[in-house]
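In: pasting the structure only:
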């Protein structure tokens, strides 16, 4: 027996089929029990997702990130779920269209210079029973592009001038390994 005003969570927090009855004794000592009512408690959809590229880190000029939803306790109906991409600072939220699993970071996230940073992605899914669950959040890391410049030039040259050594800079710091 459950005291007071019980809720389903008090007793039936696990998925399954349950029969519920209500027994009451009135002031005259007469007791009666209701007919049993059968209820079905359905588990939440156990959803997650993966980055198709195998990485969660992209450059800020990336044009496609593809996400694949998964469900451990059933099949996925793409039309029943959507991805949400958020960032706390600066504040940002993007809900992809229902069933859409591909987005373009260079046009759909924050504009440069705020685009680079860490975003959180979740998959929100409603199963065939109307049960809703949200996947654990995963980080999406958007890396800034290198801030490149070249040094070693004069404003003009003659064909007979000696060779000029060029240097590549990233954010004002000399770097090697690039291609001129």
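Out: Received it, and whenever you're ready, just let me know what you need. This is a predicted model, so every value here is computed, not measured. Residues are numbered from 1 along each chain as shown.

In: what is the neighbour count of the residue nearest to residue 152 when sequence neighbours are not counted?
Out: Excluding the flanking residues, the one nearest residue 152 by CB to CB, 6 or more residues apart in numbering is residue 166, at 4.4 Å. (C-beta placed from N, C-alpha, C; glycine too.) When neighbours are defined as other CB atoms under 10 Å, residue 166 has 11 of them.

In: can you give me how far stretch 84-100 is from the chain middle?
Out: The chain centroid and the centroid of stretch 84-100 are separated by 8 Å under CA atoms, centre = their mean, to the nearest Å.

In: now the end-to-end length of it.
Out: 11 Å (CA to CA, to the nearest Å).

In: can you list contacts of the helix or strand residue 85 falls within?
Out: In this structure, residue 85 sits in strand 81-87 according to DSSP states H and E. Residues outside strand 81-87 that contact it (CB atoms under 8 Å, 6 or more residues apart in numbering) are 47, 49, 67, 69, 92-101, 103, 109-110, 117-126, 140.

In: out of these, which are inside strands?
Out: 47, 49, 67, 69, 92-95, 103, 117-126, 140 (DSSP state E).

In: out of these, which are buried?
Out: Buried residues within those, counting neighbours by 16 or more other CB atoms under 10 Å: 47, 49, 67, 69, 103, 117, 119, 121-126, 140.

In: and the nearest residue to residue 94 once chain neighbours are set aside, how far from residue 121?
Out: Closest residue to residue 94 apart from its sequence neighbours, by CB to CB, 6+ apart: residue 85 at 4.4 Å. Noted for residue 85: a distance of 5 Å to residue 121, by CB to CB, to the nearest Å.

In: what touches both of those two?
Out: Shared contacts of residue 85 and residue 121, defined by CB under 8 Å, 6+ apart, comprise residue 140.

In: quick one: pLDDT of the nearest residue to residue 72 once chain neighbours are set aside?
Out: Spatial nearest neighbour of residue 72, excluding adjacent residues (CB to CB, 6+ apart): residue 46 at 4.0 Å. Here the pLDDT value assigned to residue 46 is 94.
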